[in-house]
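**Student:** Need coordinates for the following:
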Amino acid sequence: MSISRRQVSALAFLALGATAAPALAQTNDAAAVAEAVTALRNAMLGADKAKLESLVSDQLSYGHSAGKVENKKEFVEVIASKKSVYKSIELSNQTVAVAGNNAIVRHAWESESGTGDGKWNVSKIGVLQVWQKDPGGWKLLARQAFKA
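**Tutor:** Residues are numbered from 1 along each chain as shown. Okay, here's the model as predicted:
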C-alpha cells in the first residue's frame with residue numbers, strides 16, 4: 001500500500017489543525033478575559049451595580065494594597081453606593097495567562113479615587129487577578145493588589 005503526497009499533506013493538515021484548536025481557544029479565552037477586565041474597570045468608573053455583580057464571582061476575595069479584603073457584597077456596595085468614587089483608572093503592562101477554566105491577569109494600576117468630598121487620592125499599585133470561566137462568561141474570583 002502506497003501513500004500519496006496528497007494523503008500525507010492531508011494528514012499533516014489535520015494533525016496541525018487538531019493541535020492548533022486548543023491554542024486558538026486559549027487565544028480566544030485570553031481576549032475574552034481582557035474584555036472582562038475592561039468591563040470591570042468601566043463598571044467601577046460608572047459605579048454600575050448590576051454590571052459589577054455580573055462580573056464578579058459569588059466567592060469573590062478582593063484584596064486591597066493596604067491589606068483590606070472584601071467579599072462580593074462589600075466590594076459591590078462600596079462602589080455602587082459611591083463610598084469610593086473612581087475619577088480615573090488606567091491599567092498598563094497587562095498580561096493574561098489562561099489555564100483551563102481559570103485565567104491569571106497581572107497589570108499595573110493607576111487611579112484617582114476619593115470619597116466624594118472633592119479630595120482625590122492617586123494610587124499606583126500592582127494587581128494580580130484570578131478569573132474563572134463561568135457559563136455566563138468570565139468572572140473575577142480573586143484580586144490582590146500590592147505596592148509597586
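**Student:** Now Thr115, what are its backbone angles?
**Tutor:** phi -110, psi 20 (degrees, to the nearest 10).
**Student:** What of Thr38?
**Tutor:** Note on Thr38: backbone dihedrals following degrees, to the nearest 10 are phi -60, psi -40.
**Student:** Now for it: which residues touch it?
**Tutor:** Thr38 sits next to no residue when contact means CB atoms under 8 Å, 6 or more residues apart in numbering. Any C-beta I mention is one placed from the backbone N, CA and C, and that applies to glycine too.
**Student:** Now do it against Gly126, distance only.
**Tutor:** 18 Å (CB to CB, to the nearest Å).
**Student:** Which residue would you name as the spatial centre of this protein?
**Tutor:** The centre of the chain sits closest to Val37, judged by CA atoms, centre = their mean, with a distance of 3.8 Å.
**Student:** what helix or strand does that residue sit in?
**Tutor:** Per DSSP states H and E, Val37 falls inside helix 5-46.
**Student:** C-terminal to the lowest-mean-pLDDT helix or strand in the chain, what's the next element?
**Tutor:** Of all helical and strand segments in the chain, the minimum by mean pLDDT, DSSP states H and E falls on helix 5-46, at a mean of 74. Following helix 5-46 in sequence order, the next helix or strand is helix 49-55 (DSSP H and E).
**Student:** Return that following helix as CSV; C-alpha atoms alone will do.
**Tutor:** Only the C-alpha atoms of helix 49-55 are listed here, as CSV (Å, rounded to 0.1, in the frame of the first residue of the first chain):
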residue,chain,number,x,y,z
LYS,A,49,-24.0,47.9,40.5
ALA,A,50,-25.7,45.4,38.1
LYS,A,51,-22.6,45.2,35.9
LEU,A,52,-20.3,44.8,38.9
GLU,A,53,-22.4,42.0,40.2
SER,A,54,-22.4,40.2,36.9
LEU,A,55,-18.6,40.4,36.5
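**Student:** Which other helices and strands does it contact?
**Tutor:** Helix 49-55 is packed against helix 5-46, helix 72-80, with contacts defined by 3 or more CB pairs under 8 Å, 6 or more residues apart in numbering; DSSP states H and E.
**Student:** and the nearest residue to Ala32 once chain neighbours are set aside, what is it in contact with?
**Tutor:** Of all residues not flanking Ala32 in the chain, Trp138 sits nearest, at 5.8 Å (CB to CB, 6 or more residues apart in numbering). When contacts are counted by CB under 8 Å, 6+ apart, Trp138 touches Asp29, Ala32, Val33, Ala36, Ala103, Trp131, Gln132.
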